[in-house]
Every structure is written in structure tokens, then in C-alpha cells.
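Student: Give me the fold of what follows.
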Amino acid sequence: MHFKLIIAFINDEITDHVVDTARKAGATGATVINHARGEGINKKTTFFGLDLDVQVDVVLFVVEEHLSRHILETIDKEAGFDNNSGAGMAIQLDIEDAVGIMHQIHELEDVVKGKL
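Tutor: This next block holds a predicted model:
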């Protein structure tokens, strides 16, 4: 079984909703790193010299490769990355090797067999 790492940069107001939706799409869990800050193509907004930063959470999903594209698209749909400038982004990377995921493998064996 092979895995992918999905890294999503999500506005903190919707993190819980996106994680719940990703679980329904096949993700078996997530790690959330709170209070990151990012800057996209447009500079951040200021108000009387004060920065108005939007807090961003970094969410890490280790997912089975056959489910990864569907989960990635589900995250995009829920977070509205392609529809809203500054909404965030998500990427996926190959995982060459991992330990500590045997519980995921057992959980996903039947799901993945159904996809093949």
C-alpha cells in the first residue's frame, strides 16, 4: 500500500469543517498546525497601519494513494481554493516510506480493494 501526504493551508474558521469533510471522503485522520501566516499574490490588508492577518492552519493528511485525488478535490471544493483569492491551497506529495500507520493500513485494506 502506498500513501500520499496532502498539505492544506486553510483559513482557520473552516478547518474543522474541511477536516470532517476530508474524513467523509476517505481520510483516516489529520494533524492540524494552528496559527500559520501566509501571503499570496495580493499583499495583506492594513487598516491605519495595522496588519489584518487571516490566521491559517496547516493541515496534514496521510492518505492512501488511490483515495488521494478524491480527498484533494473534496478539500478544494469545501475550502473554495480555486474560487476565492486568498482562500488557501493544498498540495499532495509522494511518501517514500513511513512508520506508525499500520492502523490505517488495516482500516483501508477493504476500501482500497473496492477501488481497484
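Student: which sections of this protein are below the confidence cut-off?
Tutor: 38-54, 113-116 (pLDDT under 70).
Student: what about the strands in this structure?
Tutor: 3-11, 31-36, 45-47, 50-52, 56-64, 88-94 (DSSP state E).
Student: Turn those into TSV, including mean neighbour count.
Tutor: Backbone N, C-alpha and C define where each C-beta goes, glycine included. TSV is the format used below for the strands of the chain (neighbours: other Cβ atoms under 10 Å):
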stretch	mean neighbour count
strand 3-11	20
strand 31-36	12
strand 45-47	9
strand 50-52	8
strand 56-64	21
strand 88-94	16
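Student: can I get the ones you listed in CSV with distance to Asp82?
Tutor: Below are the strands of the chain laid out as CSV (distance: least, Cβ to Cβ, whole Å):
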stretch, distance to Asp82
strand 3-11, 13
strand 31-36, 20
strand 45-47, 21
strand 50-52, 23
strand 56-64, 17
strand 88-94, 9
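Student: what's the closest of these to Leu108?
Tutor: strand 56-64 (5.0 Å; Cβ to Cβ).
Student: so which of the strands of the chain gets nearest Glu78?
Tutor: Of the strands of the chain, nearest to Glu78 by Cβ to Cβ is strand 3-11, at 9.0 Å.
Student: what helices or strands is the closest one leaning on?
Tutor: helix 15-24, strand 56-64, helix 65-79, strand 88-94 (3 or more Cβ pairs under 8 Å, 6 or more residues apart in numbering; DSSP states H and E).
Student: gap between Glu109 and His66?
Tutor: Distance, Glu109 to His66, using Cβ to Cβ, to the nearest Å: 12 Å.
Student: The two: who's more crowded?
Tutor: Comparing Glu109 with His66 by other Cβ atoms under 10 Å, the one with more neighbours is His66, at 18 against 12.
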